[in-house]
Structures are given as C-alpha cells and as structure tokens.
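*Asks:* quick one, fold the following:
(one chain, ligands or ions: 1)
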Amino acid sequence: MTKTLTDGQSCDVLVVGSGAGGLATAVTAAKHGLDVVVIEKEPVFGGTTAFSGGVLWVPGNRHCGANDNRDEARRYMMEETGNFYDAAAVEAYLETGPEMLDWFERETSVAFVPTLYPDYHPDVPGGVDVGRSVLAAPFDTSALGKDMKRLRPPLSTITFMGMMFNSSNADIKHFFNATKSLKSFLYVSKRLALHFSEVLRYGRGANVTSGNALAARLAKSCFDLNIPIHTDCPATKLISGPDGVTGAEIRTPDGVVTVTARKGVVLAAGGFAQDTDRIRKAYPHLKRGGEHFTPVPEGNTGDGIDLGEAAGGKFDVQFPNTSAWMPVSKVPTGNGSFTAFPHLLDRYKPGIVAVLKSGARFTNESESYHDVGAALMAACEGETETACWLIADQTAMRKYGLGFAKPAPVPTALYTRSGYLKKGRTLAELAEACGIDPKGLERHIAAYNEGARQGEDPAFRRGSTAFNRYLADPEVTPNPCVAPLETGPFYAVKIVMGDLGTFDGFETTVEGQVLDREGSAIPGLFAVGNDRASIMGGNYPGAGITLGPAMTFGYITGRHLAGAA
Ligand SMILES: Cc1cc2nc3c(=O)[nH]c(=O)nc-3n(C[C@H](O)[C@H](O)[C@H](O)COP(=O)(O)OP(=O)(O)OC[C@H]3O[C@@H](n4cnc5c(N)ncnc54)[C@H](O)[C@@H]3O)c2cc1C
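*Replies:* Have a look, this model is predicted:
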C-alpha cells in the first residue's frame, strides 16, 4: 500500500511522472540502492506508455538482434537523423540499449518478446528488414493487487470490448477469421470468455498486452522495490537554491507538500502533446487554422517543460517535426465528444487508399504513420484544413474494416449511423457524402485501379519495401498492399492530424542532466522520456523509437544518479 506524501519528506530521487521514462529511471536508481519516490499527476499511473503499442527499438538486442551490427545501426541513425545526429548520445544508446533490456529482464518484472518488425525505412543504408524492435510480454495485472485499479486502462478505441489484442499477427488473424474458420471461432470464443470473466472479477481485463503490459510490469517492479507511486500528486514547482534543484512542491489530495531530493529531481512528465499553447505555436497545421486531435492522455500538458524552464532549462522547438505524427479519426462517443482512433493497421491493406478533398492520392499509404502524417501536412500546405479520407471498397471493408469500423460480420450500419463511416453506392455518391470532388475521386481512383489490377502503384510505389508489406495482406498477390477499388458500395473515414507524443524536449547531457541556455548542466535536474529531446531529431526510423530511448536513457540516468555509471 502506497503511503501518503508528507510535508518535508526527503528522498534521494524524486521522479515526476509514471510513464516508461520515469519508471525505468526509478527502478534502476532504487535497484542501485537509492531511496526513490515517484509522483504522478493523474489518478492512474502509466501515462502514454500504458496506451502505447509497447514496442521498443533497440538495435543489437539479444531477442532478435543476433545478426545486428553496431556499425550498420550507427549508419542508419546517421542517415535518419541528418543534421540532428548526436554522436555521443547515439553511441550511448547503441552501447547501452541491449544491456538495459538484459538488465531489466534479469533484475525486474519487465520482460520482452521478439517481433518481426522491419525498420520503417529498411532500404536506407544501415536499415534492416527485421530484428531491432521488441515488444513487452503480456502480463497478468492481478499481480498488482489493489494497485491494479490505479493502472491506466488501455486506449479504448484499440481494444475489442475492453479486451486487448495480443500484438502478434496470429491473434489478430484469428479475430479476422472468426466467422470463416472453426479453429479461429474457438480461439476467439476462449479469449472473450476469459476476458469477460476477468471483467466480472476485477472490473477490467486483467491480462494485458502491449504498452499496458509494459507500464504494469514497470509498476510491479517499482512496488517490489518499495518505490511508492503517488497518484493525484502533480509537481507544481521546483525548489532551487545555490546548489541547483533540491526538490519540488507537490499538490496532494491533502494539500501542498514539499519533498526534498538529495540526488536529483527527474522530469518524466511525458512532453507537451496536450499543451494547447505550445502546440499552437509549433504545429504547422495548427498555425494555418486546422485541427489536431491526439490520443495522448490529457495530463501531458507540458508540466515538465514548464517546471524545467522555470529552473533555467533550455527548451526550444527545433526539429522539423515537433511530434511523432499519427493520422487519427474521431470516434463519436455519443455525448458530442470524440475519442481518437490511431490508424495503425488499415492503411497498409490492399483496396484502401487515402485521398485529399480533390480526390487525389498524396502518398504511399503503407509508409509509417509519421511519414503519412508528414506527407498529409505537406499536401495540405496553403489550406486551412489538414485532412484526408481513407476510402475502401466493399471487399476491403468487409475483410479488414476501416479505422474503428470493424470487418464482417459486424454490420457497417453501426458506424454509418453515428456518422463515423460514410457510405455511397458509387464513388461519386461517396464523394458527395464526404465533401470530396466527385469527378476528381472517380478520375484518381480509375488511374490507381489501372496499375492496381496488376499489383502496381506507379505513382507512389506502395508495397516496395519490407516495411510496406509487413502489415499488408500476404494472401493478396502479387502485391500485398495493392488491390483495385471496384466493388461498391464504397466507404470512407475522415482522417485528421494527431500524434503519439512530442519529440522536442530539453537538451541534456548523455546522463540526462538538463542544460541551461549557456550549455551548463543544472545541478540536481534531469529529464527522461519525452521531456528530453529525442535522439531521433524529429524522425521516425523504426517501431519503438520513443520507448526504446525512454527506457535506455532512464537506465543511464538511474545509474548515474546512483553513481553506478
Ligand atoms: C496509441 C499509441 C501507441 C504508441 N505506441 C508506441 C510504441 O509501440 N513504441 C514507442 O516507442 N512509442 C509508442 N508511442 C509513444 C509512447 O507511448 C510515448 O512516447 C511514451 O510513452 C512517452 O513516455 P514518457 O515516459 O515520456 O511519458 P508518459 O508515458 O506519457 O508518462 C508521463 C506521465 O507524467 C505525468 N505527468 C504530467 N505532468 C505531471 C506533473 N506535473 N506531475 C506528475 N506527473 C505528471 C502524466 O500524467 C503521465 O502519466 C505510442 C503512443 C500512443 C498514443
């Protein structure tokens, strides 16, 4: 049971935020002998990490990196990060990432499984077709006891009736095939029966996967080390003196308290994706009057950046892409509000394309969310609205679904009635329903179909990389990403810009000490996770490029604080 915070309490390390960055730092520091306290603003712990896919990009990891080569990984990082290549940080990352994974798996409740993810740009020098990303192993959260209720639930739009998919393709395949194969039907029935029995017993699904499993495993590791995670306790002010930062003021349910940290305060508040002022100034599509809708939790309002700046930390928006872009659709929740659906799977499937309001395609839909998001922003330059529509024909809709709209046998009427899904007997009728130019849509889809019948996409070379094909449909040949849109009715979902978290953050030393405007390290002040500037320089080289560095640099910072580095 976590005790309440008391005024005047002291510890070695105070960690502000309970996502992967904060908890990895906390666990490492405590395991090396320090007295650590974690505070969390929200009533639940886990942050964006608990919403995430739980994938970490760690070149050279023992799970799947036996053949990975440090020089190749370095080359890839150089190619991907360009002018923002930070040799010292990259070297520390490549050197320590595999060690960090091994350490967590050996010493804590954190565990991973391999994935088959290719790098997002496998054809760039140093890129690989498989092997650098690992995934948090599923976890039975009943092991958290009473604290299970304080674990942030998964993002509702990517669950099925609250049940999390096992991130393996096999799991998802069984769900797609449940009405076609007895084996899949039995598999799905068993999974759902277990899920509903857990809901009856615990009030939520207990067996979790992906980022929810990662957050739960990190929290379990904290509790095993007697590290308290104080929820409903936002840091509101840092306490600084001649020796640097020495603690923080915290608003608890029982009043404001001051906690002193002998070794340091670690800002791990998850970046500023929900800081409306900062993003309005930084995001190009917001500057031109458009909309942004993020699945990042509401508590990530940039508190870490505000606190650090007030203590003299240097924060600038410097990367060409301030955030990890994610095309999202807005799922109506019935009371006039919406939840974000991140388009992680459908864009890769054959028979689904993205078009602008002119009816024209604008990119290779099977590239990463970040690349498609950046392409959408560029394609809408000069427009007030930054948006596109994902279009599917009946064959693709029934086989794969579209966004939040599930495939057959779930009736499409469920989604057309709420206005989420638009439908037209013909492409022109669909265009009218969406506000797309009907003639333009007919013309552009006809041009696309011509190549698609042969499995070709001369305009954007969809299906040309191992990454394009990874989440496509291997049953469709010769190109698993490409099929014509020919069979009506046709369907569409509107896509707007969203993000998975911010990339810009504090400049720090390799060990995570926050730098001031003169480039000096501020004693006692550290930043990890999205409060620290991404070593990817605003680029997205592969699956897990935020959680991989969040945990690796959390481990480095934790060891540094304990004098173990
Ligand atoms: C749907 C989705 C899928 C994703 N999948 C992946 C993936 O598979 N791999 C990957 O690498 N990245 C993924 N991401 C991005 C990744 O989840 C985030 O970049 C990462 O979790 C950030 O970790 P963090 O520790 O910096 O912050 P968070 O996990 O967001 O934690 C920060 C915590 O700090 C708390 N906080 C804020 N202010 C205060 C305060 N004043 N006092 C105390 N606490 C405070 C917040 O409430 C929050 O709980 C995904 C994101 C989303 C939305």
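*Asks:* buried ones in the helix or strand where A375 lies, by neighbour count?
*Replies:* Using DSSP states H and E, A375 falls within helix 369-379. Of the residues in helix 369-379, Y369, H370, D371, V372, G373, A374, A375, L376, M377, A379 count as buried by neighbour count, 16 or more other CB atoms under 10 Å. Quick note: C-beta positions are derived from backbone N, CA and C, even for glycine.
*Asks:* now do stretch 440-457
*Replies:* Buried, per 16+ other CB under 10 Å, within stretch 440-457: G440, L441, H444, I445, Y448, G451, A452, G455, E456, D457.
*Asks:* CA atoms only for that stretch, dumped as PDB, please.
*Replies:* Extracted in PDB, the C-alpha atoms of stretch 440-457 (Å, rounded to 0.1, in the frame of the first residue of the first chain):
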ATOM      1  CA  GLY A 440     -11.800  14.100 -59.100                       C
ATOM      2  CA  LEU A 441     -12.300  11.000 -57.000                       C
ATOM      3  CA  GLU A 442     -13.600   9.000 -59.900                       C
ATOM      4  CA  ARG A 443     -10.700  10.100 -62.100                       C
ATOM      5  CA  HIS A 444      -8.000   9.400 -59.500                       C
ATOM      6  CA  ILE A 445      -9.400   6.000 -58.400                       C
ATOM      7  CA  ALA A 446      -9.700   5.000 -62.000                       C
ATOM      8  CA  ALA A 447      -6.000   5.900 -62.500                       C
ATOM      9  CA  TYR A 448      -5.000   4.000 -59.400                       C
ATOM     10  CA  ASN A 449      -7.100   0.900 -60.400                       C
ATOM     11  CA  GLU A 450      -5.300   0.600 -63.700                       C
ATOM     12  CA  GLY A 451      -2.000  -0.200 -62.000                       C
ATOM     13  CA  ALA A 452      -3.600  -1.900 -59.000                       C
ATOM     14  CA  ARG A 453      -5.100  -4.700 -61.200                       C
ATOM     15  CA  GLN A 454      -1.500  -5.800 -61.900                       C
ATOM     16  CA  GLY A 455      -0.500  -5.100 -58.300                       C
ATOM     17  CA  GLU A 456       1.400  -2.000 -59.200                       C
ATOM     18  CA  ASP A 457       1.400   1.600 -57.900                       C
END
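*Asks:* give me the next element, helix or strand, following the helix or strand of the chain with the lowest mean pLDDT.
*Replies:* Scoring the helices and strands of the chain by mean pLDDT, DSSP states H and E places helix 169-176 at the bottom, with a mean of 75. Using DSSP H and E, the helix or strand that follows helix 169-176 in sequence is helix 182-202.
*Asks:* now E367: which helix or strand?
*Replies:* Using DSSP H and E, no helix or strand contains E367.
*Asks:* is it in contact with P118, as I believe?
*Replies:* No - with contact defined as CB atoms under 8 Å, E367 and P118 do not form a contacting pair (11.9 Å).
*Asks:* before we move on, back to that, just want the angle from the least confident helix or strand of the chain to helix 182-202.
*Replies:* With axes from the mean of the first three to the mean of the last three CA atoms, to 10 degrees defining the directions, helix 169-176 sits at 100 degrees from helix 182-202.
*Asks:* just the buried residues of helix 169-176, please?
*Replies:* For helix 169-176, burial by neighbour count (16+ other CB under 10 Å) applies to H174, F175, F176.
*Asks:* these two touch, right, I279 and G290?
*Replies:* No - using CB under 8 Å, I279 makes no contact with G290, being 11.8 Å away.
*Asks:* between these two, which is the more surrounded one?
*Replies:* I279 (21 against 18; other CB atoms under 10 Å).
*Asks:* is stretch 57-67 positioned near the ligand?
*Replies:* No - Stretch 57-67 is not in contact with the ligand by CB under 6 Å from any ligand atom; minimum separation 6.7 Å.
*Asks:* output that stretch as PDB, restricted to C-alpha atoms.
*Replies:* Only the C-alpha atoms of stretch 57-67 are listed here, as PDB (Å, rounded to 0.1, in the frame of the first residue of the first chain):
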ATOM      1  CA  TRP A  57      13.500  -0.100 -30.900                       C
ATOM      2  CA  VAL A  58      16.800  -1.400 -29.500                       C
ATOM      3  CA  PRO A  59      19.400  -2.300 -32.200                       C
ATOM      4  CA  GLY A  60      21.600  -5.300 -31.200                       C
ATOM      5  CA  ASN A  61      19.100  -6.700 -28.700                       C
ATOM      6  CA  ARG A  62      19.500 -10.300 -27.800                       C
ATOM      7  CA  HIS A  63      15.900 -11.200 -28.700                       C
ATOM      8  CA  CYS A  64      16.200 -10.600 -32.400                       C
ATOM      9  CA  GLY A  65      19.500  -8.800 -33.000                       C
ATOM     10  CA  ALA A  66      22.000 -11.600 -33.100                       C
ATOM     11  CA  ASN A  67      22.800 -10.600 -36.600                       C
END
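*Asks:* related to what we said a few turns ago, and the buried residues of helix 369-379 as TSV, adding pLDDT?
*Replies:* Listed next are those as TSV, based on pLDDT from 0 to 100:
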residue	pLDDT
Y369	97
H370	98
D371	98
V372	98
G373	98
A374	97
A375	98
L376	98
M377	97
A379	98
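*Asks:* restrict the residues you listed to those near the ligand?
*Replies:* Answer for the buried residues of helix 369-379 near the ligand: none qualify (CB under 6 Å from any ligand atom).
*Asks:* among these, which one sits closest to the ligand?
*Replies:* For the buried residues of helix 369-379, the residue nearest the ligand by CB to the nearest ligand atom is Y369; the value is 9.1 Å.
*Asks:* any idea how far the ligand is from the residue lying closest to the closest one once chain neighbours are set aside?
*Replies:* Once flanking residues are discounted, Y369 sits nearest to M326: 4.6 Å by CB to CB, 6 or more residues apart in numbering. Distance, M326 to the ligand, by CB to the nearest ligand atom, to the nearest Å: 7 Å.
*Asks:* and M326, what are its bridge partners?
*Replies:* G498 (DSSP bridges).
*Asks:* show me the contacts for it.
*Replies:* T294, P295, P342, H343, Y369, H370, G373, G498, D499, L500 (CB atoms under 8 Å, 6 or more residues apart in numbering).
*Asks:* rewinding a little: show me what the helix holding A375 is packed against.
*Replies:* Applying 3 or more CB pairs under 8 Å, 6 or more residues apart in numbering; DSSP states H and E, one finds that helix 369-379 contacts strand 323-332, strand 387-392, strand 490-502.
*Asks:* just send the ones you listed back as CSV, with mean pLDDT too.
*Replies:* Converted to CSV, the helices and strands packed on helix 369-379 look like this (pLDDT from 0 to 100):
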stretch, mean pLDDT
strand 323-332, 98
strand 387-392, 98
strand 490-502, 98
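*Asks:* so where's the stretch 1-150 of the chain shaky on pLDDT?
*Replies:* Applying pLDDT under 70 to the stretch 1-150 of the chain flags residues 1-2, 65-66.
*Asks:* for the ligand, what are the nearby residues on it?
*Replies:* Near the ligand, when you scan the stretch 1-150 of the chain using CB under 6 Å from any ligand atom, you find 16-22, 39-42, 47-49, 51-55.
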